[in-house]
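*Asks:* fold the following and give me the result.
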Amino acid sequence: MQTFTRRAFLASALAAPGFAQSGRKPNVLFIAADDLNTGLGCYGHPLVKSPNLDRLAERGVLFERAYCQFPLCGPSRASLLTGRRPDNTRVLGNNIDFRDALPDAVTLPQLFKNNGWWAVREGKMYHMNVPKEVTLNRFQDPPSWNVSTSPGGPEQKSPAEGGESGRGSSSGMEWVRTVDGRGQSDSNAADRALAFLESNRKDPFFLALGLVRPHLPFVAPGKFFDLYPLDRIPLARNPPDDLDDIPAASKGVRPYLWWDMEQHKGGRLSEKGMRETRRGYYAATSFMDEQAGRVLDGLEKMGLAENTIIVFWGDHGWSLGEHTHWQKMTLMEEVAGVPLIIRAPGLPGNGKRSRALVELVDLYPTLADLCGLKAPSEIEGHSLKPLLERPERTFKEAAFTQIAFEGIRGLSVRTARFRYNVWHGLGGGEELYDHVADSGEFANLAGKPRWENELERHRALARAYGLERAFGKG
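*Replies:* Numbering: from 1, shown residues only. Have a look, this model is predicted:
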């Protein structure tokens, strides 16, 4: 087990409302999952087993309509952790350091570090693709942390069950069925998080636990694959004309991820390959849930839970064949939508669900508000504390997700009833979907006279957001 030495803390911050009785600074447990969509039991998925996150949802506020700011790891995480939208961070890919554009930004964990909390990272929190000769820790942003542990060593130290029979792939998507969870990034990160908690029960902390599953490859012990018999895995149902009414830009933004398109070097996914891919994703999700649960249980056993704010979030969603698409990098609901659960001890909303529109960029001001810290004036989100007190209230008129790929830019405006996507590049274009009649987003209503008023209302929201900046013209 890793141990940690204590350090002298800075001046005390104000006590947060809801924690005044203890007179102590609240702790924060900040859990991220990589490439996780809302396919969890607590979100109503009929198959996925996620008992630990389901239990957290019963004790906190589950946000049914939370949205990422960019459907890719690096830009989404940079936005969330700086509290600024992607057109301000200038992070539109996985090979960009947000400090190139914002050298003096005070990140969310850095705000806590500067005000007397232990800021600790275990596992993946920021994301960069960097050459092997460049240290990964540079791209986990050292100014953000007191303690920062690399995202983990080589995976799959626990051998595949049955040798090669425990490993499979189809058109570039790989799954590995291991004997147990030893040596995996997520089990290692959970081990280190528990060691930190054991060694630091008295000092306030901001503990960021970055879990990499269900990101590819889908690695999980065999017992999690066994939860999902292959013959019970359903396939996505897409109308044959699903893609006929969408702009070329909407298709063009993601060609290298449309795994079942014939021009992709991997060829088409067979029906069996689709089922195996879905099963691998579900198994990896359940394995991730187990690691999160270990840390949540440890928090309870150590007597820390009642003074700890818990936030669980996914950096963006993931397609599993919807719209014949696999992976991320779209503006559709399966990818723009993310799981978000917050438990703030003592607040009256705990145990309820919220249908309000919220965004990941809101997490920075929320935690600052709950912990009595003054957030930088430049951050762009809004505190969710009113929803943690009254989850039934309305909050925002719209949530926004941006995308950029090889000269194509897109902006999505999600309102209570509709999703509106507007595109620049490859001729541009628009999409409008009515979630009351078409929750699968199969029928594009843009250009239909009956919906012109709604189309114009959403165009105005996009312009107010800053369409020129989102399209890289500002």
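*Asks:* can I take it that T38 is in a helix?
*Replies:* No - under the criterion used here (DSSP: H, G, I helix; E, B strand; the rest coil), T38 is coil, not part of a helix.
*Asks:* quick one: it and G321, what's the gap?
*Replies:* For T38, the distance to G321 equals 16 Å [CB to CB, to the nearest Å]. C-beta here means a position set from N, CA and C on the backbone, and glycine is covered the same way.
*Asks:* who's more crowded, these two?
*Replies:* Counted by other CB atoms under 10 Å, T38 and G321 do not tie: T38 has more neighbours, with 23 against 20.
*Asks:* would you agree that one is in contact with L320?
*Replies:* No - at 11.6 Å, T38 and L320 do not qualify as touching, with contact defined as CB atoms under 8 Å.
*Asks:* the helix or strand of the chain with the lowest mean pLDDT: how far from the chain's middle?
*Replies:* Within the chain, no helix or strand scores below strand 167-170, which has a mean of 74 by mean pLDDT, DSSP states H and E. From the chain centre to the centre of strand 167-170 is a distance of 25 Å (CA atoms, centre = their mean, to the nearest Å).
*Asks:* buried sites along the following helix or strand past that strand?
*Replies:* Counting by DSSP states H and E, the element after strand 167-170 in chain order, helix or strand, is strand 173-178. Neighbour-count burial for strand 173-178, counted by 16 or more other CB atoms under 10 Å, picks out 173, 175-178.
*Asks:* helix or strand for K25, which one?
*Replies:* With DSSP H and E as the criterion, the answer for K25 is that it lies in no helix or strand.
*Asks:* how about low-confidence regions in the protein?
*Replies:* 1-23, 128-139, 150-160, 162-165, 170-171, 254-268, 474 (pLDDT under 70).
*Asks:* tell me where it has helices.
*Replies:* Taking DSSP state H, the helices of the chain run over residues 51-59, 73-82, 86-89, 108-114, 185-199, 222-225, 248-252, 271-301, 333-336, 363-370, 385-389, 452-465, 467-470.
*Asks:* mind listing what H458 touches?
*Replies:* 413, 415, 418, 420, 432 (CB atoms under 8 Å, 6 or more residues apart in numbering).
*Asks:* tell me, how many residues neighbour A443?
*Replies:* Residues near A443, counting by other CB under 10 Å: 16.
*Asks:* might one say that it is in contact with Y433?
*Replies:* Yes - under the criterion of CB under 8 Å, A443 makes contact with Y433 at 7.1 Å.
*Asks:* and the closest residue to Q110 other than its chain neighbours, what does it touch?
*Replies:* Spatial nearest neighbour of Q110, excluding adjacent residues (CB to CB, 6 or more residues apart in numbering): S144 at 4.7 Å. Going by CB under 8 Å, 6+ apart, S144 touches 81, 107-110, 113, 119, 121.
*Asks:* wait, V120 sits on F205?
*Replies:* Yes - using CB under 8 Å, V120 is in contact with F205, at 6.2 Å.
*Asks:* okay, and the common contacts of those two?
*Replies:* Counting by CB under 8 Å, 6+ apart, the common neighbours of V120 and F205 are F196.
*Asks:* E468 - how many residues pack around it?
*Replies:* Residues within reach of E468, counting by other CB under 10 Å, total 11.
*Asks:* do A437 as well
*Replies:* Neighbours around A437, by other CB under 10 Å: 9.
*Asks:* what's the nearest residue to it if we skip its chain neighbours?
*Replies:* Going by CB to CB, 6+ apart, A437 has A443 as its nearest residue, at 7.9 Å.
*Asks:* for L80, same thing?
*Replies:* L360 (4.5 Å).
*Asks:* thinking the one you found is in contact with A66, fair?
*Replies:* Yes - counting by CB under 8 Å, A66 is a contact partner of L360 at 7.0 Å.
*Asks:* which residues do these two both contact?
*Replies:* The contact lists of L360 and A66 share 313, 338, 340, where a contact means CB under 8 Å, 6+ apart.
*Asks:* which among those gets closest to I403?
*Replies:* The closest of these to I403 turns out to be V338 (CB to CB; 14.7 Å).
*Asks:* contacting residues for that closest one?
*Replies:* V338 neighbours (CB under 8 Å, 6+ apart): 36-38, 66-68, 313-317, 360.
*Asks:* ok, back up a step: got the contact list for the residue nearest to A437?
*Replies:* Counting by CB under 8 Å, 6+ apart, A443 has contacts 245, 433-434, 437.
*Asks:* out of the residues you listed, which are buried?
*Replies:* Y433.
*Asks:* give me the subset of the contacts of A443 that lies in strands.
*Replies:* 433-434 (DSSP state E).
*Asks:* biggest separation within the contacts of A443, which pair?
*Replies:* Once CB to CB is applied, the contacts of A443 give D245 and A437 as the farthest pair, at 15.0 Å.
*Asks:* in stretch 359-372, what's buried?
*Replies:* Buried, per 16+ other CB under 10 Å, within stretch 359-372: 359-372.
*Asks:* for those, which one is nearest E198?
*Replies:* C371 (22.8 Å).
*Asks:* I'd guessed that closest one sits against P26; true?
*Replies:* Yes - the pair C371 / P26 is scored as a contact, 5.6 Å apart, by CB under 8 Å.
*Asks:* just give the closest residue to G74, not the sequence neighbours.
*Replies:* N94 (3.9 Å).
*Asks:* okay, now that neighbour: neighbour count?
*Replies:* Neighbours of N94 using other CB under 10 Å come to 16.
*Asks:* again, but for E64
*Replies:* 18.
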